[in-house]
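*Asks:* Turn this into a structure:
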Amino acid sequence: MNTIFSRHHLIGLLSLMSIGVLSGTGFPAVAQTSNSQTYQSTTAVDEVGQPLQNAKASDLSNLGAVNSEISSVSNTTPVPGTAVTSSSGLKSTSSSQQLAQSDISVGRANRGGSSYVGIAGNIGVGGGDSSLGDGNFAVISKIGLSRTLSVRPAAVVGDNTTFLLPVTYDFNLQSATDPFVEPLPIAPYVGVGAAIKTGGDDSTVAFLVSGGVDVPLNRQFTATASVNAGFFDQTDVGFLIGVGYNFSGF
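*Replies:* Purely as a prediction, here's the structure:
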């Protein structure tokens, strides 16, 4: 009976010792493992959070650059074909800019030929007492304004000098059906303006009709012939024929 009790007692002591050993070794191991996992998780969170902070700072920097770029674009003139994001793009161009883009240039060559200044003889074919209706010497000119328009001031010198100031429309005789055909070397024109008769007690201004033709001779000279009619008290008509020296611009 004592032997059985001692055996049971020994088994109980061994069980208690084994439980104590397990308690002394197993639980710290579990705690250590848990602490290690917690530390690793915290470290991972820190490692993930740091790039996020860097990304946020980078995004804010990029956003500031984009805002700056948008601000600079909104203050510039919009490019045609793109959306206008500023009211400044709706402003109309000034008249001076529009004039600068036009094709008017005083003294230019046009489709009727070069501008020129020259001399001519006037043959009067009837009329009153102005020099336009008599045989006289004349100073002539052509000043190109645009591709089709010219002003052709002239002075018919005589007892009563007459100044002619017509604005003419210039033509060229290129074939409309075949643009590769070389145009004829003549340039007709027609126009209207004012004739001013001087001399005597006063000067008289009358309506003027003018028409003629220019014939380029070479790069330096142009021959010209025209008929001019000044409607004074009596209509004075003169026929001018002369030659001009070509020039370009002023």
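*Asks:* rest of the way, CA atoms for contacts and neighbours
*Replies:* Noted.
*Asks:* per-domain residue ranges of the protein.
*Replies:* 1-91, 115-247 (automatic domain parsing).
*Asks:* lowest-confidence stretch among these?
*Replies:* Least confident of those, judged by mean pLDDT, is domain 1-91 with a mean of 49.
*Asks:* where does residue 114 fall, phi/psi-wise?
*Replies:* The phi/psi pair for residue 114 (degrees, to the nearest 10) reads phi -80, psi 160.
*Asks:* What strands line up against the helix or strand hosting residue 244, and which way round?
*Replies:* Using DSSP states H and E, residue 244 sits in strand 235-247. Take DSSP bridges as the rule and strand 235-247 pairs in its sheet with strand 115-124 (antiparallel), strand 221-231 (antiparallel).
*Asks:* From start to finish, how long is stretch 130-140 in a straight line?
*Replies:* 17 Å (C-alpha to C-alpha, to the nearest Å).
*Asks:* Do you have the helices of the chain handy? List them.
*Replies:* Ranges of helices in the chain, per DSSP state H, are 2-74, 95-100.
*Asks:* Residue 170: what's it in contact with?
*Replies:* With contacts defined as C-alpha atoms under 8 Å, 6 or more residues apart in numbering, the neighbours of residue 170 are 111-112, 148-150, 187-190.
*Asks:* can you do 7 Å?
*Replies:* Residues counted as contacts of residue 170 (C-alpha atoms under 7 Å, 6 or more residues apart in numbering) are 111-112, 148-149, 187-190.
*Asks:* Now for residue 122: which residues touch it?
*Replies:* 135-138, 238-241.
*Asks:* Quick check: the gap between residue 143 and residue 106.
*Replies:* Taking C-alpha to C-alpha, one finds residue 143 at 7 Å from residue 106.
*Asks:* so what's residue 188 bridging to?
*Replies:* Going by DSSP bridges, residue 188 forms beta bridges with residue 213.
*Asks:* you'd agree residue 248 is up against residue 109?
*Replies:* Yes. Counting by C-alpha atoms under 7 Å, residue 109 is a contact partner of residue 248 at 6.4 Å.
*Asks:* list residues touching both of the two?
*Replies:* Common neighbours of residue 248 and residue 109, counting by C-alpha under 7 Å, 6+ apart, are residue 115.
*Asks:* Between these two, which is the more surrounded one?
*Replies:* Between residue 248 and residue 109, counted using other C-alpha atoms under 10 Å, the more crowded position is residue 109 (23 against 13).
*Asks:* got a pLDDT number for that one?
*Replies:* On pLDDT, residue 109 comes in at 91.
*Asks:* how near is it to residue 249?
*Replies:* For residue 109, the distance to residue 249 equals 8 Å [C-alpha to C-alpha].
*Asks:* between residue 143 and residue 106, who's got more neighbours?
*Replies:* residue 143 (25 against 16).
*Asks:* May I have the beta-bridge partners of that one?
*Replies:* Beta-bridge pairing of residue 143 under DSSP bridges involves residue 151.
*Asks:* my read: it touches residue 114, true?
*Replies:* No. Applying C-alpha under 7 Å as the test, residue 143 and residue 114 come out as separate, 8.3 Å apart.
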